[in-house]
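1. coords please:
(chains A and B)
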Amino acid sequence: MRETQALIERVRRVSADVQQVDLAVDPALMQLKPGQALFVRRHNQPGWEPYLRELWIPVDMRPGRLTVEIAGSLDAAPNEIVDVLSPVGRPIPVRPRIQHLLLIADDALPTPFVFLARTLSGGGVAITLVLNGLAARYPLELLSPEVEIVRGDADWSWPDQVATFQWADQVLILAPGYRQADAYGRLLDRVRQIRTHDLPDHYACGLFYDRLACGAGACGACEVRAHDTPLLACSDGPALDLKRVVFR
Amino acid sequence: MIELTRTGKTPLVVETPVMPAAGTFGFDGAAYRDLLDLTKLGAIVTNPVTWRPRRVAHGTRVVPLPAGVLVHTGLPNLGMKRTIARYRARWARSLAPVIVHVMATSPAEVALCAAALESCEGVVGIEIGLHDQATPDDIAAILDAARETTLPALVRVPLYSAVESARAAAAAGAGGLVVAAPPRGTARDPESGQLVGGRVYGPWLKAQALRAVGQIARVVDVPVIGCGGIHSADDARDFLEAGAVAVQVDTATWVQPHLLEVIARNLGGLELTRVAGALPDEWQPGMGETMRLLRDRRPAPNPDDDPPAPPDLPE
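-> Presented below is the predicted three-dimensional model:
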């Protein structure tokens, strides 16, 4: 992890929930992979409000420019300089020779999936994105056109659910912190019912984008209980193999 | 050199009066190894460790507050034996001396922890974190148990009973006092809508901690380390003026990691100055070497040189 600065070049308000920010960044940040994020603080911020750094998640990368997606409620203005700690987290572990990827956004905006989908769809991976609850409000034009969109309902069901699990080579799920135990545990149960014989490593991964305090693996506030060694969402995640996670 | 504990058989001495507070810097400082120069710190204080393993708290653990944060981790750790097994080698080659924070769960467990740490290379002391409701008798029993080790023992006192706890700890033989542990609070998590209890941190805490340091420094004859709300070198200097011999920086490290090094350099006389044409307050990490190192590099006096003229003696 290192500390750099970035310049906000452009801010686009995409919807009431989402705005996209183009950043001119240090060349070192061009090594970011899907799953890794920036931990940001305003450079000339008067006082200590907000106090903690904000997690900005990349959705696109072009030479010298990184596009991140932030909440619509945050203030960001062109020509503003921000302090950036990065990278936070590890790249999402994509299984080798993957052909079909199932993404599930459960009551959370699918921002962390955008960069991943953009990267993988260029390599010929078929991607299906299930949008449940709040996720359905996400502007679909921000996603790659190759991504197949499926709308779920509040009961956590969607058309051809069993089939989507059967053909998927990997399943990634995203839910807000307060729903993770329920949603991620439910996904693991479904997957185990359908694929009774084999559940390879990283087949079902949950994304743990919790509110971070230090972002560096020092405070333990983002620890996730695991069957073996405890995991830290900020340094071991955000994508954690659900086989290892304890949900009780 | 700064003595963090009373003069005795094994005083705890550091070069720089600045260190991270327990719970903010991990168990070995590795999380911040790439972000600041650990050699500039007086010591590294580990996250709290208990004799038995502790699991992380359920539910929301971080709630933003106006100019601050509430944190409720449950103090997860592997337990003392596994913590030592995992970090012993890293502590031995640590770039700064290590002070292990031991949670005062019970006198018996403190005794076990103290004994287990005795032979750990790189560990120069223990810091005992008192429970908020610890009575003078509890404190005496815990410090009695800490004598299982020859390592010097600091005692971190709760903020809202700081003076009483400090008196009791000093009377029971504490080597030094850390004033104070962050207070507890309750806040509503904006995401889940639930009320969450935990420790509260922020710059506003400084005024309360500073008052406690001033009160305690006047009534006990034990070195005091100030802790609470420090977010600048001036904040740290206020604690020294109030009677502290050193300071611990807490959540400022999370917000601006290099602040810890800036404060350490400032209080340790290690700022880059005229050599590179920068003023002390313009220093940034990675900018260059320090005045102290430059002083150390000056050539030793040549014995063949003419001796200095003797001072004029009175008639």
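2. Please count neighbours and contacts with C-alpha atoms only from this point.
-> Fine.
3. following the host helix or strand of A:Thr128, which helix or strand shows up next?
-> With secondary structure defined by DSSP states H and E, A:Thr128 is part of strand A:126-132. Following strand A:126-132 in sequence order, the next helix or strand is strand A:148-151 (DSSP H and E).
4. Can you list the strands that that following strand pairs with?
-> Paired with strand A:148-151 in the same sheet, following DSSP bridges, are strand A:126-132 (parallel).
5. pLDDT (mean, whole number) over the partner strand?
-> On average, the pLDDT along strand A:126-132 is 92.
6. One more: stretch B:62-77?
-> In this model, stretch B:62-77 has a mean pLDDT of 94.
7. hmm, it touching chain A?
-> Yes. Counting by C-alpha under 8 Å from any C-alpha of the partner chain, chain A has neighbours in stretch B:62-77: B:Val62, B:Pro64, B:Leu65, B:Pro66, B:Ala67, B:Gly68, B:Val69, B:Val71, B:His72, B:Thr73, B:Leu75, B:Pro76.
8. Which of those fall in strands?
-> B:Val62, B:Pro64, B:Leu65, B:Gly68, B:Val69, B:Val71 (DSSP state E).
9. What subset of the residues of stretch B:62-77 next to chain A is buried?
-> B:Val62, B:Pro64, B:Leu65, B:Gly68, B:Val69, B:Val71, B:His72, B:Thr73, B:Leu75, B:Pro76 (16 or more other C-alpha atoms under 10 Å in any protein chain shown).
10. Which members of those residues are the farthest-apart pair?
-> Using C-alpha to C-alpha, the two most remote members of these are B:Leu65 and B:Pro76, lying 22.7 Å apart.
11. Am I right that A:Gln166 falls within a helix?
-> Yes. Looking at A:Gln166 with DSSP: H, G, I helix; E, B strand; the rest coil, it is inside a helix.
12. Return the residues in contact with it.
-> Contacts for A:Gln166 (C-alpha atoms under 8 Å, 6 or more residues apart in numbering or on different chains) come out as A:Ile194, A:Arg195.
13. Show the pLDDT at the residue of chain A found nearest chain B.
-> Chain B sits closest to A:Ala218 of chain A, with a gap of 3.9 Å, by C-alpha to the nearest C-alpha. Here, the pLDDT recorded for A:Ala218 equals 95.
14. Assess the claim that it and B:Pro20 are in contact.
-> No. Using C-alpha atoms under 8 Å, A:Ala218 is not in contact with B:Pro20; the gap is 11.2 Å.
15. Work out for me the element the closest residue in space to the residue of chain A closest to chain B that isn't next to it in sequence sits within.
-> Closest residue in space to A:Ala218, ignoring its immediate chain neighbours: B:Gly26 at 3.9 Å, by C-alpha to C-alpha, 6 or more residues apart in numbering or on different chains. Here B:Gly26 is covered by no helix or strand, with elements defined by DSSP H and E.
16. who are the neighbours in contact with the closest residue to A:His227 other than its chain neighbours?
-> In space, and not counting its chain neighbours, A:His227 is closest to A:Arg244: 5.5 Å by C-alpha to C-alpha, 6+ apart. By C-alpha under 8 Å, 6+ apart, A:Arg244 lies in contact with A:Ala226, A:His227, A:Asp228.
17. Spatially, what comes nearest to the last one if we skip its sequence neighbours?
-> Read it as A:Asp228. Spatially, and ignoring its direct neighbours in sequence, A:Asp228 is nearest to A:Arg244 (7.2 Å; C-alpha to C-alpha, 6+ apart).
18. distance of the one you found from B:Ala67?
-> As judged by C-alpha to C-alpha, to the nearest Å, A:Arg244 and B:Ala67 stand 36 Å apart.
19. Near chain B, which residues of chain A? Just list them.
-> By C-alpha under 8 Å from any C-alpha, the residues of chain A that approach chain B are A:1-3, A:41, A:47-53, A:177-178, A:211-225.
20. Can you tell me the SS state at B:Ala22?
-> When classified by three-state DSSP, B:Ala22 comes out as coil.
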